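Student: model the following, please.
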Amino acid sequence: MTDVRKLLEPIRYLHERIRASVVSACERATSDELAKVVKEEEGDTIFAVDRVSEELLVDFFEREVAPTAPLVLIAEGLDVGQITLPRGTAGRRCSLANHR
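Tutor: Residues are numbered from 1 along each chain as shown. So this is what the prediction gives:
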């Protein structure tokens, strides 16, 4: 992808979808359910509310970005913290320590 500005509108759309999904989850579930710890490792805690956006995030980058620009998506909650998209594409492991 040569012009990353083309991602602005799709990312705004993603933001709205995630916000709407989180609001909807908050309306359907109790605070205790959403605050439940679903995964904990290396000082990182993933709560049930975090899972609400995970599928939307991966789906967005797989559909909107990866077909034209393969990528390694790094996000909390993903298995091993990252996924290479499109799936099955050979990607190299990224060390977060090198990108801070």
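Student: what's the closest non-adjacent residue to the residue most central in space within the chain?
Tutor: The chain has L57 as the residue nearest its centroid, 3.8 Å off, counting by Cα atoms, centre = their mean. Nearest non-adjacent residue to L57, counting by Cβ to Cβ, 6 or more residues apart in numbering: A75, 6.1 Å away. Every residue, glycine included, has its C-beta placed from N, CA and C.
Student: that neighbour: what's it in contact with?
Tutor: By Cβ atoms under 8 Å, 6 or more residues apart in numbering, the contact list for A75 reads 54, 57, 81-82.
Student: cool, L57 as well?
Tutor: With contact taken as Cβ under 8 Å, 6+ apart, L57 is in contact with 14, 18, 73, 75.
Student: so can I have a markdown table of those residues showing distance to E33?
Tutor: Formatted as a markdown table, the contacts of L57 follow (distance: Cβ to Cβ, whole Å):
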| residue | distance to E33 |
| --- | --- |
| L14 | 24 |
| I18 | 19 |
| L73 | 27 |
| A75 | 22 |
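Student: farthest-separated two in these?
Tutor: The most widely separated members of the contacts of L57, counting by Cβ to Cβ, are I18 and L73 (14.3 Å).
Student: more neighbours, these two?
Tutor: A direct count of neighbours by other Cβ atoms under 10 Å for I18 and L73 places L73 higher, at 19 against 16.
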